[in-house]
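dropping a prediction and its sequence here:
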Amino acid sequence: MANNTGKKYGGRVVGTPNKLTTELRSLLKNVVHREIELLTEHLSKLDVSERLDLLIKLLPFAVPKVELINYQDDEPTFWDNISPLE
């Protein structure tokens, strides 16, 4: 029979962490840490084109993307606030 009262019975208390999720995250963190330590060794085994391809794929995780800034004619610029040299 379904619970139509809207009250929660049994189960975890709100805010209690999921044990499986915590263990899985810890395991994945350890695997990634080990692989990062071996990264230079793995890169040295690749040929130049494979190494460049991998570095291009990893670059967005290390360097933020540059956002295009559009300038409109009626906007003041930084240079408008600088007085000319005497």
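Received, thanks.

pLDDT weak spots in the chain?
Where the chain drops to pLDDT under 70, the residues are 1, 75-86.

could you identify the longest helix within it?
In the chain, taking DSSP state H as the definition, the longest helix is helix 19-37.

just give me how far the helix or strand following it sits from the chain centre.
Using DSSP states H and E, the helix or strand that directly follows helix 19-37 along the chain is helix 39-45. Offset of helix 39-45 from its chain centre (Cα atoms, centre = their mean, to the nearest Å): 23 Å.

quick one on the thing from earlier: what are the contacting residues of the longest helix of the chain?
Applying Cβ atoms under 8 Å, 6 or more residues apart in numbering, the contact partners of helix 19-37 are His42. In this view, the C-beta of every residue, glycine as well, is placed from N, C-alpha and C.

before we move on, what about stretch 38-46?
35, 51, 54.

rerun at 7 Å
Contact partners of stretch 38-46, identified using Cβ atoms under 7 Å, 6 or more residues apart in numbering, comprise 51, 54.
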